[in-house]
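Engineer: predicted coordinates and the sequence they were generated for:
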Amino acid sequence: MLTTPSSLDQRFGLSRHVVLPGPLRLDGGALLAPVEIAYETYGTLAPDGGNALLICHALTGDHHVASAHPRTGKPGWWQRMVGPGRPIDTDRFFVVCANVLGSCMGSSGPASGDAATGRPYAMAFPVITIRDMVRAQALLLDHLGVARLAAVVGGSMGGMQALSWAATFPDRLDACLVIASTARHTAQNIAFHEVGRQAIMADPNWSGGDYYDGAPPAAGLAVARMAAHITYLSEAGLTEKFGRRLQAREQKSFGFDADFQVESYLRHQGLAFTDRFDANSYLYITRAMDYFDLAEEHGGLLAHAFRAARARFCLVSFDTDWLYPTAESRSIVQALVAARAPASFVELSSPYGHDAFLLDSPELDRVIGGFLGTGA
Amino acid sequence: MSLRPDLAIIAAHVPPGARVLDVGCGDGELMKALRDTKGVDARGLELDPRNVAAAVSRGLSVIQGDADTDLAGYPDQSFDYAILSQTLQTARAPDRVLDELLRIGRHAFVSFPNFAHWRVRLSLLWGGRMPVTRLLPERWYDTPNIHHLTIDDFRAHLAERGIATEAAWFLSGDKRTGGAAANFLAEHAVFLLRRNPAD
């Protein structure tokens, strides 16, 4: 491996971190400088740079797409999809995955230090958008010497970024793969996020976001995660997994312990999340998702977002996903058809709701492998 | 790879480099042949998600959708050829699908099983039962074919709607059969159509 120059290049590899001078002009009008980005790369960049593939992560994801998480020790969040011989084949592709702007895993976010004050930004961090995340990724790719992407791939919020890539940098990508995602947040999507944000801000520990010297608003963040987690699962999935079964007891307690298995499960999910995620980051990233409306950015007509696109597109939805249901993918496909872009779309069947895109699905593997295998 | 006879005829008559929309493209067999042998820019629409997944995994651009409802979004004359093979008789409103085909494509290929083939006639006449043949293998209750038509029905419809026939091919098994007795001898037909410019 030492014969390839890229393996010696400190820019490439796992758990990388870079401070770019910026400034990055944000959609909200603010200038962000410097721009810190945590990222990982897998595989080897081809001499002609033609094999770069960007993976965009979801709301609470990170750049450890196929490597062990340094804090939890768990496998990468898409380990089953990314690797040698996997559908996103790192023997073929030079894979880049960057932590999004606003997050708390090493990229600039509310928990990062503000150069002006020497203290964490907290709520002084500027509100960001999905397009700002994409522009930060473009800065990173400039730094890595990647002019063009063979593909941008993302699920959920990652899919929003992939769509935003096609609209913002139409000349910079050849293929765009969008899984279980949407071109805009609906009133229902915004409503669920608002419940989460209010739970965080109602936690006395939140203190207007200025909690980095003390105890974080863990209780509020846990409730936010619990509410969101419900939206990632299907009713049938919950029923199959838990039904009305009681948790380690024979009878109802006639109290407010976690009598039901589903309660115990949600409490665990909420609590585990607070170990790895910053509450302010949760506020900022959910805000970015709520602001996302790709059509609005293009005169109200989604097809206009893809007018200059040169990429091939592939959209995948899941029949039990009620967070970003098939109808959302379909409206994106209609816009692509109107814009005469080469597009594929398939609705896959899964009992697991929105989370299906992260779980074992041979059909999804086949679609992704096939879409990336030809012409990419 | 050998294509189904009607698809082979269509493949032979699409010029290299053309833009083609295959409506009801199945697992993309024809699209793949057109792409690989003629450099055709082929797009597809298909109802069955398993077929769509198979086509996409071949690297083809195929959208899961319904010919009856999902053609409206395609811009006028955005393809050189729109293809509807063995799908017309499964549409809820085949006449409207045909109109859409001729709006989206400058030309349209349409192939369908001929319900007036002599074997079908015999089956009905002597057996008194809905025919189950090689090309119409399903029984009356599980057939996707809800609008059976004959070659003469189709010709009459074209005349009525002012649609011009540029070419037509009639098949019995894998063999070509004549135009005059086609309504009796042909198991299936392939028409190449275009909207009458005077229309």
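Structural biologist: Right, received. Where do you want to start?

Engineer: what's the burial count for residue 116?
Structural biologist: Since no chain was named, I'll use chain A. 8 (other Cβ atoms under 10 Å in any protein chain shown). The way it works is simple: take the backbone N, C-alpha and C, and place the C-beta from them, glycine included.

Engineer: meant chain B, my bad for not saying
Structural biologist: Other residues lying near residue B:116 total 17 when counted by other Cβ under 10 Å.

Engineer: what sits against it?
Structural biologist: Contact analysis of residue B:116 by Cβ atoms under 8 Å, 6 or more residues apart in numbering or on different chains lists B:150, B:151, B:152, B:183, B:184.

Engineer: excluding chain neighbours, what is closest to the spatially most central residue of chain A?
Structural biologist: With distances taken as Cα atoms, centre = their mean, residue A:58 lies nearest the centre of chain A, 1.7 Å away. Distances taken as Cβ to Cβ, 6 or more residues apart in numbering or on different chains put residue A:156 closest to residue A:58, at 4.1 Å, once the chain neighbours are dropped.

Engineer: so that neighbour sits against residue A:189, correct?
Structural biologist: No - between residue A:156 and residue A:189 there is no contact under Cβ atoms under 8 Å: 11.0 Å.

Engineer: comparing these two, which residue is more hemmed in?
Structural biologist: residue A:156 (27 against 19).

Engineer: now do the contacts for that one.
Structural biologist: By Cβ under 8 Å, 6+ apart, the neighbours of residue A:156 are A:58, A:59, A:179, A:180, A:181, A:323, A:324, A:354, A:357.

Engineer: count of residues packed around residue 13?
Structural biologist: This is for chain A. 14.

Engineer: that's the wrong chain, I wanted chain B
Structural biologist: Applying other Cβ under 10 Å, we find 15 residues neighbouring residue B:13.

Engineer: state the distance from the closest residue to chain A within chain B to residue A:231.
Structural biologist: Residue of chain B nearest chain A, by Cβ to the nearest Cβ: residue B:59 (2.4 Å). Residue B:59 is 33 Å from residue A:231, where distance means Cβ to Cβ, to the nearest Å.

Engineer: same question, residue A:256
Structural biologist: 24 Å.

Engineer: and these two? Which one has more around it.
Structural biologist: Taking neighbours as other Cβ under 10 Å, residue A:256 and residue A:231 compare with residue A:231 leading, 18 against 7.

Engineer: quick one: residues contacting residue A:157.
Structural biologist: A:56, A:57, A:58, A:59, A:61, A:100, A:130, A:181, A:285, A:289.

Engineer: neighbours of the residue nearest to residue B:184 when sequence neighbours are not counted, how many?
Structural biologist: Nearest in space to residue B:184, with sequence neighbours left out and distances taken as Cβ to Cβ, 6+ apart, is residue B:118 at 5.5 Å. Counted with other Cβ under 10 Å, residues neighbouring residue B:118 total 16.

Engineer: state the distance from residue B:118 to residue A:343.
Structural biologist: 44 Å.

Engineer: in the stretch 201-350 of chain A, which spans are strands?
Structural biologist: A:312-318, A:343-348 (DSSP state E, counting those that start in this stretch).

Engineer: now swap in the stretch 1-150 of chain A and tell me
Structural biologist: For the stretch 1-150 of chain A, the strands defined by DSSP E, counting those that start in this stretch occupy A:16-20, A:24-25, A:31-32, A:35-42, A:52-56, A:82-83, A:88-89, A:94-98.

Engineer: tell me what angle the first one forms with strand A:35-42.
Structural biologist: Yep, that's strand A:16-20 we're talking about. Angle, strand A:16-20 to strand A:35-42, by axes from the mean of the first three to the mean of the last three Cα atoms, to 10 degrees: 150 degrees.

Engineer: outside of strand A:16-20, which residues touch it?
Structural biologist: Residues contacting strand A:16-20 (Cβ under 8 Å, 6+ apart): A:10-11, A:34-41, A:106, A:139-140, A:143.

Engineer: given that strand, what are its sheet partners and their directions?
Structural biologist: Applying DSSP bridges, strand A:16-20 is found paired with strand A:35-42 (antiparallel).

Engineer: mind listing what's buried in the strand it pairs with?
Structural biologist: A:35, A:36, A:37, A:38, A:39, A:40, A:41, A:42 (16 or more other Cβ atoms under 10 Å in any protein chain shown).

Engineer: likewise for stretch A:113-131?
Structural biologist: A:120, A:121, A:122, A:125, A:126, A:127, A:128, A:129, A:130, A:131.

Engineer: cool, and stretch A:351-364?
Structural biologist: So stretch A:351-364, judged by 16+ other Cβ under 10 Å, has buried residues A:351, A:352, A:353, A:354, A:355, A:356, A:357, A:358, A:361, A:363, A:364.

Engineer: number of nearby residues for residue B:181?
Structural biologist: Neighbour tally, residue B:181, other Cβ under 10 Å: 11.

Engineer: can you tell me which residues contact residue 71?
Structural biologist: No chain in the question, so chain A it is. So residue A:71 contacts A:275, A:276 (Cβ under 8 Å, 6+ apart).

Engineer: that's the wrong chain, I meant chain B
Structural biologist: Contacts of residue B:71 (Cβ under 8 Å, 6+ apart): B:23, B:45, B:97, B:100, B:101, B:104.

Engineer: recalculate using a threshold of 6 Å.
Structural biologist: residue B:100 (Cβ atoms under 6 Å, 6 or more residues apart in numbering or on different chains).

Engineer: do you know how far it is from residue B:87?
Structural biologist: Distance, residue B:71 to residue B:87, by Cβ to Cβ: 12 Å.

Engineer: which sections of chain B are below the confidence cut-off?
Structural biologist: Scanning chain B for pLDDT under 70 picks out the ranges B:1, B:197-199.

Engineer: in it, which residue sits furthest out from the middle?
Structural biologist: Max radial position in chain B (Cα atoms, centre = their mean) goes to residue B:126, at 29.5 Å.

Engineer: spatially nearest residue to residue A:106 (excluding sequence neighbours)?
Structural biologist: In this structure, residue A:106 finds its nearest non-sequential neighbour in residue A:38, 2.6 Å apart by Cβ to Cβ, 6+ apart.

Engineer: list the beta-bridge partners for the one you found.
Structural biologist: residue A:17.

Engineer: confidence score at it?
Structural biologist: We have a pLDDT of 98 for residue A:38.

Engineer: with pLDDT added, can I get the buried residues of stretch A:351-364 in TSV?
Structural biologist: As requested, these are exported to TSV (pLDDT from 0 to 100):
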residue	pLDDT
A:351	94
A:352	94
A:353	97
A:354	97
A:355	96
A:356	95
A:357	95
A:358	94
A:361	91
A:363	92
A:364	95
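
Engineer: partners of the residue nearest the centre of chain B in the sheet?
Structural biologist: For chain B, the residue nearest the mean C-alpha position is residue B:85 (2.1 Å; Cα atoms, centre = their mean). Counting by DSSP bridges, residue B:85 is bridged to residue B:111.

Engineer: got a list of what residue 30 touches?
Structural biologist: No chain specified, so I'll use chain A. residue A:126.

Engineer: wait, chain B was what I had in mind.
Structural biologist: Residue B:30 makes contact with B:7, B:22, according to Cβ under 6 Å, 6+ apart.
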